[in-house]
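1. Compute the structure for the input listed below.
(chains A, B, C and D)
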Number of protein chains: 2
Amino acid sequence: MTGTTENQQPARRSDATRASILTAARERFAADGYEKATIRAIARDAKIDPSMVMRYYGNKAGLFAEAVAVDPGLPGLSVEPGDTVGRTLVRHFLTLWEGNEGFTALMRVGATDPAAAERMQFVLRDQLIPLARRLGPDPEQAPARAALCASTVLGLALTRYVLRFPESVALDPEEIVDWLGPTIQRYLTAPTP
Amino acid sequence: MTGTTENQQPARRSDATRASILTAARERFAADGYEKATIRAIARDAKIDPSMVMRYYGNKAGLFAEAVAVDPGLPGLSVEPGDTVGRTLVRHFLTLWEGNEGFTALMRVGATDPAAAERMQFVLRDQLIPLARRLGPDPEQAPARAALCASTVLGLALTRYVLRFPESVALDPEEIVDWLGPTIQRYLTAPTP
DNA sequence: AACGTATGCCAACAAGTGTTGACAGTCCAG
DNA sequence: CTGGACTGTCAACACTTGTTGGCATACGTT
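-> Sure, this is the predicted structure:
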């Protein structure tokens, strides 16, 4: 083994450049969206030539795809007792968003790009709906209940990370968990109102 | 009086063109966002020449400004008994969004344009915060409580009108009121959790 | 009828975009 | 040392964008 992690590839010299491009791309996409994040601007940030971006990532779409290749992974929520799932879920999403700019990028772009919007549905369909089906009183209501949860979480992300409303940015993470946790819990488990 | 409404201006012949441009612009902005909604495409929809857009609205920014000049107006919520404010507010936003494409346009663009994002804060600052200050137990918490309400409403708008998640689109309006009403009510009036 | 104005179209511009190919230096195996 | 592959730069391409000015036509007033 050559590096810190075991790689099959022989660790080429250009890996540093590749990484710096990807980092710059994530920042630009998260800050400006797809159209305004030009390849020239990303290349300038990464301090290389725009043509290198093309060589390493094919085209702009390919670069974006790799920049937002994030894994939401709701880990081990199946073994949750069921009483605190709401709080746990909110806390999970919060730490996820705070640490990875890819989510902000995906969301900003999803507002105008159907492909990115569809990619966001993956979380809803693959993780939230099954969760709602397992915890809720009526499996048939699972899609509706999961949709409400998604709108809650994404609404916070929108006002806090995308639109950056000062009043939303000022909220303390634990304060958010205290308020949104019961909401999610109710959407998932409470009887139909 | 010449038309249905009283106008000070003598009702010029180009008013129909002006209106068709504005309608096409609203649709395009709402569907594609700012960058992808090109003046040429809008002009093609309105069946006129792109140069007419410039003559009547100065430039693209001016056109967008008039296209999203919508008034959220939370009417008479001050006289609401206080017990059903949550439901009333949700219902109000819902009818607002269903009827006017300007909101969708503003939101889609706000995801990448800071100016549009700031325009959206107007609703929060001018209407939601005062409401929270009047109804909530502690005036100092008004910004935080209002921010939570904004994130709730905008989250629904995001998944339903912008990202168009099928599970969110499928929700019945009254079903939404039933679920989101109590949430808003709690954010506004419930004691700190 | 005649004139000034409003309305519309056409062609073109400068700027910026993603993308491509040719060319120079650098590294490493033989 | 020498060859070929890797890494990077430069200049240019084809295209789309917002925007502008000139020119033709229709209108309303006198």
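2. any weak-confidence spans in chain A?
-> A:1-11, A:74-81 (pLDDT under 70).
3. which one is A:Glu101 nearest to, not counting chain neighbours?
-> A:Ala30 (4.3 Å; CB to CB, 6 or more residues apart in numbering or on different chains). Yep, even glycine has a C-beta here, placed from its N, CA and C like the rest.
4. again with A:Met54
-> Nearest one to A:Met54, counting by CB to CB, 6+ apart, is A:Ile39 at 7.7 Å.
5. Report the separation between the one you found and chain B.
-> Distance, A:Ile39 to chain B, using CB to the nearest CB, to the nearest Å: 15 Å.
6. ditto for A:Asp126
-> Look at A:Asp126 and chain B: by CB to the nearest CB, they are 13 Å apart.
7. Kindly list the main-chain dihedrals of that residue?
-> Backbone torsions for A:Asp126, taken as degrees, to the nearest 10, come to phi -90, psi -20.
8. burial of it, as a residue count?
-> Neighbour count for A:Asp126, taken as other CB atoms under 10 Å in any protein chain shown: 12.
9. how close does it get to A:Val85?
-> Using CB to CB, to the nearest Å, one gets 17 Å for the distance from A:Asp126 to A:Val85.
10. Quick one: end-to-end distance for stretch A:132-150.
-> 11 Å (CA to CA, to the nearest Å).
11. If you count neighbours, what's buried in that stretch?
-> For stretch A:132-150, burial by neighbour count (16 or more other CB atoms under 10 Å in any protein chain shown) applies to A:132-133, A:135-136, A:142-150.
12. In helices only, show me the residues you listed.
-> A:132-133, A:135, A:142-150 (DSSP state H).
13. Which of the buried residues of stretch A:132-150 lies at the shortest distance from DNA strand D?
-> A:Ala150 (32.2 Å; CB to the nearest atom of the strand).
14. which residues does the closest one contact?
-> A:123-124, A:128, B:159, B:165, B:167-168 (CB atoms under 8 Å, 6 or more residues apart in numbering or on different chains).
15. Pick out the residue of chain A closest to chain B.
-> Across chain A, no residue is closer to chain B than A:Gly155, which sits at 1.8 Å (CB to the nearest CB).
16. Check which helices and strands the helix or strand A:Ile21 falls within sits against.
-> Following DSSP states H and E, the helix or strand that holds A:Ile21 is helix A:15-36. If you count contacts as 3 or more CB pairs under 8 Å, 6 or more residues apart in numbering or on different chains; DSSP states H and E, helix A:15-36 packs onto helix A:39-46, helix A:50-57, helix A:60-67, helix A:101-110, helix B:15-36.
17. List the buried residues for it?
-> A:17-18, A:21-22, A:24-30, A:32-34.
18. Ok, stretch A:96-106 next?
-> Within stretch A:96-106, judged by 16+ other CB under 10 Å, the buried ones are A:96-97, A:100-106.
19. again, but for stretch A:61-69
-> Under the neighbour-count criterion of 16+ other CB under 10 Å, stretch A:61-69 has A:63-64, A:66-68 buried.
20. The residue nearest to A:Met54 and A:Gly62 touch, don't they?
-> No: with contacts counted by CB atoms under 8 Å, A:Ile39 stays clear of A:Gly62, the gap being 11.3 Å.
21. if I look at the residue nearest the centre of chain A, how far off is A:Thr112?
-> Ranked by distance to the mean C-alpha position of chain A (CA atoms, centre = their mean), the top residue is A:Phe103 at 3.0 Å. When distance is defined by CB to CB, A:Phe103 is 16 Å away from A:Thr112.
22. Next: A:Gly33.
-> 7 Å.
23. For A:Ser14, what are phi and psi?
-> phi -90, psi 0.
24. That one: what's it in contact with?
-> A:Tyr56.
25. separation between it and A:Met52?
-> For A:Ser14, the distance to A:Met52 - CB to CB - is 9 Å.
26. Next: A:Trp97.
-> Counting by CB to CB, the gap from A:Trp97 to A:Met52 is 30 Å.
27. Ok, A:Phe64 next?
-> A:Phe64 is 16 Å from A:Met52, where distance means CB to CB.
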